[in-house]
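Engineer: sequence isn't available, so here's the structure alone:
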């Protein structure tokens with residue numbers, strides 16, 4: 001797993017399951033602050049580490065379960081100046097900690113797409129890791145319905161969305177079971193969550209995100225038409241070559257599959273290679 005200063009947490013690799021309810025194992029998460037929505041809030045949803053007003057394309061990046069926009073903070077440094085990076089900041093964490101959590105993927109995608117409207121003045125591409133890969137895919141479908149499909153979809157560390165859940169859901173498991181699942185995903189700084197105060201701060205939104213992805217159900221519909229690049233770690237126990245090959249079923253566009261050395265969070269040590277892959281695809 002990966003934990004940063006803004007306390008993004010680890011990622012889930014679940015697929016379909018019945019929704020047992022929102023919140024943590026100890027009960028529903030209640031946040032009463034109003035959720036800011038609409039096109040006027042695009043800067044809240046998509047903070048830019050480096051604004052590039054003359055870029056020819058915007059790359060929207062969706063974090064993993066428990067993640068925040070901070071995971072993509074340095075990406076603009078490794079990409080062409082022609083690409084502006086806009087990381088998605090989910091509610092309920094980092095500078096949006098006081099806002100209500102969202103555990104429904106359809107609602108999340110609807111709000112993201114709505115807020116994205118003001119930034120569709122140029123072509124867009126989408127990147128998502130783990131849970132973020134599913135949200136990026138569903139956002140691509142939503143943008144297509146609006147008549148503004150992405151020029152490219154990048155999905156990372158995630159099996160194809162139509163593959164059902166294989167793992168036992170853990171979003172509402174006891175803390176010991178939940179921690180065991182987080183550690184199994186690999187990544188860095190997992191020991192940080194041994195601190196009870198950090199767990200108290202992060203577990204509500206990490207569990208919420210696990211609930212979102214564990215209850216995700218792929219909805220039938222026409223395939224995308226954009227090219228798709230599928231990236232994964234060759235030691236990721238939850239993503240097999242067969243799993244990633246099935247991304248070919250969700251688009252009529254060209255599909256490129258590439259495995260890089262590493263576990264579920266291979267893209268942290270292999271960031272330069274991931275960015276080079278994105279640059280090549282968008283050139």
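Structural biologist: All right, it came through fine. No experiment lies behind these values; they were computed from the predicted model shown.
Engineer: flag every buried residue along stretch 159-175.
Structural biologist: For stretch 159-175, the neighbour count (16 or more other C-beta atoms under 10 Å) marks 159, 160, 161, 163, 165, 169, 170, 171, 172, 173 as buried. Every residue, glycine included, has its C-beta placed from N, CA and C.
Engineer: in stretch 179-186, what counts as buried?
Structural biologist: The neighbour-count check on stretch 179-186 (16+ other C-beta under 10 Å) flags 179, 181, 182, 184, 185, 186 as buried.
Engineer: now those residues in a markdown table, with distance to residue 204, secondary structure and pLDDT?
Structural biologist: Conversion of these to a markdown table gives the following (distance: C-beta to C-beta, whole Å; DSSP: H, G, I helix; E, B strand; the rest coil; pLDDT from 0 to 100):
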| residue | distance to residue 204 | secondary structure | pLDDT |
| --- | --- | --- | --- |
| 179 | 15 | helix | 90 |
| 181 | 16 | helix | 90 |
| 182 | 14 | helix | 89 |
| 184 | 21 | helix | 87 |
| 185 | 19 | coil | 84 |
| 186 | 23 | coil | 74 |
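Engineer: now the one helix or strand residue 132 maps to: mean pLDDT?
Structural biologist: Secondary-structure element containing residue 132, defined by DSSP states H and E: helix 131-145. When pLDDT is averaged along helix 131-145, the result is 98.
Engineer: hmm, who's touching the next helix or strand after that helix?
Structural biologist: Moving toward the C-terminus from helix 131-145, the first helix or strand encountered (DSSP H and E) is strand 152-156. Counting contacts by C-beta atoms under 8 Å, 6 or more residues apart in numbering, the residues outside strand 152-156 that touch it are 125-130, 132-133, 136-137, 140, 224, 226-232, 247, 251, 267, 274, 277-278, 281-282.
Engineer: go again using 6 Å as the cut-off
Structural biologist: For strand 152-156, the external contacting residues (C-beta atoms under 6 Å, 6 or more residues apart in numbering) are 125-129, 133, 140, 226-231, 267, 281.
Engineer: distance check, the closest residue to residue 185 other than its chain neighbours against residue 144.
Structural biologist: Computed as C-beta to C-beta, 6 or more residues apart in numbering, the closest residue to residue 185 that is not its neighbour in sequence is residue 264, at 4.6 Å. Plainly put, residue 264 is 29 Å away from residue 144 if you go by C-beta to C-beta, to the nearest Å.
Engineer: higher neighbour count, the two?
Structural biologist: Counting neighbours by other C-beta atoms under 10 Å for residue 264 and for residue 144 shows that residue 264 has the greater number, 28 against 17.
Engineer: mind telling me what element that one is part of?
Structural biologist: According to DSSP H and E, residue 264 maps onto no helix or strand at all.
Engineer: that one reaches residue 236, doesn't it?
Structural biologist: Yes - A contact is recorded between residue 264 and residue 236 when judged using C-beta atoms under 6 Å, the distance being 4.7 Å.
Engineer: the stretch 101-250 of the chain: strands as residue ranges?
Structural biologist: With DSSP state E, counting those that start in this stretch as the definition, the stretch 101-250 of the chain shows strands at residue ranges 124-129, 152-156, 228-233.
Engineer: could the ones you listed go into JSON lines alongside mean neighbour count?
Structural biologist: Shown next, in JSON lines, are the strands of the stretch 101-250 of the chain (neighbours: other C-beta atoms under 10 Å):
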{"stretch": "strand 124-129", "mean neighbour count": "26"}
{"stretch": "strand 152-156", "mean neighbour count": "27"}
{"stretch": "strand 228-233", "mean neighbour count": "25"}
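Engineer: make CSV out of those and add distance to residue 72.
Structural biologist: Formatted as CSV, the entries for the strands of the stretch 101-250 of the chain read as follows, by distance: least, C-beta to C-beta, whole Å:
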stretch, distance to residue 72
strand 124-129, 8
strand 152-156, 12
strand 228-233, 14
